[in-house]
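Peer 1: predicted model follows, preceded by the sequence.
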Amino acid sequence: MSSPFQKNLRNLAIGLLLGLALGLWFGVNLGRGRNLFCNPFARQTIGGQLKETGTLVLDKGGQALEESGKAIRKAVR
């Protein structure tokens, strides 16, 4: 029979391993800008990469237009 100390130690070790595995899974997905529950080892398709890049380009272009518009408004005043 195992003592209560051994059971607690085993449960602690299992909890730490599961926490480490889930943290790694979620961390990789967050680092790649994906949903938390996606497969972190799956390769992104070419279409997905193009869509992501296009979205980034549109966002940055919109920000640049807003900043230039603000600069023009300040210069006109």
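Peer 2: Yes, it's here. Residues are numbered from 1 along each chain as shown.
Peer 1: gap between Ser3 and Gly54?
Peer 2: 61 Å (C-beta to C-beta, to the nearest Å). Bear in mind the C-beta positions are built from the backbone N, C-alpha and C, glycine included.
Peer 1: over to Leu18?
Peer 2: 38 Å.
Peer 1: roughly how far apart are Pro40 and Thr53?
Peer 2: 20 Å.
Peer 1: likewise Gly15?
Peer 2: 40 Å.
Peer 1: and Arg77, by the same measure?
Peer 2: In this view, Arg77 and Thr53 are 37 Å apart by C-beta to C-beta.
Peer 1: of these two, who's got more company?
Peer 2: Set Arg77 next to Thr53 and count neighbours by other C-beta atoms under 10 Å: Thr53 wins out with 10 against 5.
Peer 1: let me see the contact set for that one.
Peer 2: Under the criterion of C-beta atoms under 8 Å, 6 or more residues apart in numbering, the contact list for Thr53 is empty.
Peer 1: can you tell me the element it falls in?
Peer 2: Using DSSP states H and E, Thr53 maps to helix 46-76.
Peer 1: if you average the pLDDT over that helix, what comes out?
Peer 2: Averaged over helix 46-76, pLDDT sits at 89.
Peer 1: would you map out the domains in the protein?
Peer 2: Domains of the chain are assigned by automatic domain parsing as 1-42, 44-77.
Peer 1: tell me how far stretch 51-68 lies from the chain's centre.
Peer 2: 20 Å (C-alpha atoms, centre = their mean, to the nearest Å).
Peer 1: that should have said stretch 61-77, apologies.
Peer 2: That offset, for stretch 61-77, works out to 31 Å (C-alpha atoms, centre = their mean).
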